[in-house]
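>>> Sharing a model that was predicted from the sequence below.
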There are 2 protein chains.
Amino acid sequence: MDIDSAAAAEPACTELLTPGAARGGPVSHALSRVARLHRIAAGRLLKDLGLYPGQEHLMMHLWDSGAVRQADLIKAMDLDPSTVTKMLQRLEQTGYVRRRPDPDDRRAVLVEATDGSCSLLTDVRSAWASLEEHTLAGLDPAERAELARLLGKVEGNLCQETAGCPGTL
Amino acid sequence: MDIDSAAAAEPACTELLTPGAARGGPVSHALSRVARLHRIAAGRLLKDLGLYPGQEHLMMHLWDSGAVRQADLIKAMDLDPSTVTKMLQRLEQTGYVRRRPDPDDRRAVLVEATDGSCSLLTDVRSAWASLEEHTLAGLDPAERAELARLLGKVEGNLCQETAGCPGTL
DNA sequence: GCCCATTACTTGGCCGGCCAAGGTAAAGTT
DNA sequence: AACTTTACCTTGGCCGGCCAAGTAATGGGC
């Protein structure tokens, strides 16, 4: 076997491994995978609306709150300021969002959904409803509630020490 | 009130909203938030090791499997090929990964963890263990199992029609 | 042997997300 | 009033992730 010459290519730390065992916490793994799949699913539903996953969160918040100071938006969504800035720049360019300086505070910016964006509202809502249903298919109400409850607890855990959790509002 | 002149700045679609109601499925929302927090928590633990969140998945797989064809790696992780290419380029540059052409197939590339990366193994594993514990703090074993089970079901749901699920292997 | 479909990977572009650093304006101190 | 701190936002850089398009090699049909 001349492939034997490639013996130097062995895993190298196989000896250190109990077989098949770098894999860490099962829930963490599952969470990552599920989150990614969920995001992809959201993306598929959203792309027809001209939105990218993540933007719908922001829009929902704007539809709910009307004109808001950008700082409040950032706090409410608990995102990095720079992230929000860029998202808003793109959403503004596509015409779903309008920004104007806050007359009362020349540092601040007021953000609001444009009239044009309102046509999206229904679609986004139904997309999310469909996503929710797709996600939870085959789970009975009790299981759904339990999942929501457990996710809530986990969120609480991860929020602690991570600082700046929106729930702290 | 001169702010009245800004009346045109109203939410614009408030009328269309049952109050406070663009918000979609509660589980989907929770899932997004939890996933983000989880990723951030992972990032904090990983940055000390010189890894970015996501890379540890790849490394774990490599540690488990030894030298692998990149195509298999892609299939196993169920990621976009281009994503894996870039991650590998970065990991190669930081010295955690080695790539060489597959002698049996000149299109293919064999990937493996370097010896140097082996020192990470322990740390990554403990980081994930700690992450898992942090994530699940306050959940008793039954709840943990239930969460894992429910996430599994959800993953199954989201996999269907999304094609190319690793579980299908 | 030739041609075409398939497979394997790369490149470039874009988005969400983070951090770090910068600039401007408001608020607090002295 | 002048100075310092704090708040608000932007810019630039980087990473994971996706898609679309492109190159190169393999393999199947004829």
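The structure has been received and is ready for your questions.

>>> So which bits of the longest helix seen in chain A are buried?
In chain A, taking DSSP state H as the definition, the longest helix is helix A:26-47. By 16 or more other Cβ atoms under 10 Å in any protein chain shown, the buried positions in helix A:26-47 come out as A:27-39, A:41-42, A:45-46. C-beta coordinates here come from the backbone N, C-alpha and C atoms, glycine included.

>>> Check the gap between residue A:110 and residue A:88 for me.
Distance, residue A:110 to residue A:88, by Cβ to Cβ, to the nearest Å: 11 Å.

>>> Okay, angle between the strand or helix carrying residue A:151 and helix B:26-47 too, please.
If you go by DSSP states H and E, residue A:151 is part of helix A:141-159. Orientation note: helix A:141-159 sits at an angle of 30 degrees relative to helix B:26-47 (axes from the mean of the first three to the mean of the last three Cα atoms, to 10 degrees).

>>> right, is helix A:141-159 up against DNA strand C?
No. Using Cβ under 7 Å from any atom of the strand, helix A:141-159 never reaches DNA strand C; the gap is at least 12.1 Å.

>>> And the helices in chain A?
Using DSSP H, helices in chain A cover A:26-47, A:55-65, A:70-77, A:81-93, A:118-136, A:141-159.

>>> would you list those helices in JSON lines and tack on distance to residue B:130?
Conversion of these to JSON lines gives the following (distance: least, Cβ to Cβ, whole Å):
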{"stretch": "helix A:26-47", "distance to residue B:130": "10"}
{"stretch": "helix A:55-65", "distance to residue B:130": "29"}
{"stretch": "helix A:70-77", "distance to residue B:130": "27"}
{"stretch": "helix A:81-93", "distance to residue B:130": "27"}
{"stretch": "helix A:118-136", "distance to residue B:130": "28"}
{"stretch": "helix A:141-159", "distance to residue B:130": "12"}
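
>>> and the closest residue to residue A:116 other than its chain neighbours, how many neighbours does it have?
Computed as Cβ to Cβ, 6 or more residues apart in numbering or on different chains, the closest residue to residue A:116 that is not its neighbour in sequence is residue A:95, at 5.4 Å. Per other Cβ atoms under 10 Å in any protein chain shown, the neighbour tally for residue A:95 reads 12.

>>> In the helix holding residue A:151, which residues are buried?
A:143-144, A:146-148, A:150-151, A:153-155, A:157-159.

>>> can you list contacts of that helix?
Taking Cβ atoms under 8 Å, 6 or more residues apart in numbering or on different chains as the criterion, the residues outside helix A:141-159 that touch it are A:136, A:139, A:165, A:167-168, B:26-27, B:30-31, B:33-34, B:37-38, B:40-41, B:134-139, B:143, B:146-147, B:150, B:153-154.

>>> so, in contact with DNA strand C or not, the longest helix of chain A?
No. Using Cβ under 7 Å from any atom of the strand, helix A:26-47 never reaches DNA strand C; the gap is at least 8.7 Å.

>>> Report the angle between that helix and helix B:55-65.
Using the same axes, to 10 degrees: helix A:26-47 against helix B:55-65 is 120 degrees.

>>> Contacts for helix A:26-47 next, please.
Contacts for helix A:26-47 (Cβ under 8 Å, 6+ apart): A:23, A:52-53, A:55-56, A:124, A:127-128, A:130-131, A:134-135, B:28, B:31-32, B:34-35, B:38-39, B:42, B:57, B:78, B:128, B:131-132, B:135-136, B:144, B:147-148, B:151-152, B:154-155, B:158-159, B:162.

>>> tilt between the helix holding residue A:151 and helix A:118-136?
110 degrees.

>>> Quick check: mean pLDDT of helix A:141-159?
The pLDDT scores in helix A:141-159 average 91.

>>> Using PDB, list the CA coordinates for it.
Extracted in PDB, the C-alpha atoms of helix A:141-159 (Å, rounded to 0.1, in the frame of the first residue of the first chain):
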ATOM      1  CA  PRO A 141     -49.600  22.700  22.200                       C
ATOM      2  CA  ALA A 142     -48.100  21.400  25.400                       C
ATOM      3  CA  GLU A 143     -44.800  20.700  23.700                       C
ATOM      4  CA  ARG A 144     -44.800  24.200  22.100                       C
ATOM      5  CA  ALA A 145     -45.400  25.800  25.400                       C
ATOM      6  CA  GLU A 146     -42.700  23.700  27.000                       C
ATOM      7  CA  LEU A 147     -40.300  24.600  24.300                       C
ATOM      8  CA  ALA A 148     -41.100  28.300  24.700                       C
ATOM      9  CA  ARG A 149     -40.700  28.000  28.400                       C
ATOM     10  CA  LEU A 150     -37.300  26.200  28.200                       C
ATOM     11  CA  LEU A 151     -36.000  28.700  25.600                       C
ATOM     12  CA  GLY A 152     -37.000  31.400  27.900                       C
ATOM     13  CA  LYS A 153     -35.000  29.900  30.700                       C
ATOM     14  CA  VAL A 154     -32.000  29.500  28.500                       C
ATOM     15  CA  GLU A 155     -32.300  33.000  27.300                       C
ATOM     16  CA  GLY A 156     -32.300  34.100  30.900                       C
ATOM     17  CA  ASN A 157     -29.100  32.100  31.500                       C
ATOM     18  CA  LEU A 158     -27.300  33.500  28.500                       C
ATOM     19  CA  CYS A 159     -28.400  37.000  29.300                       C
END
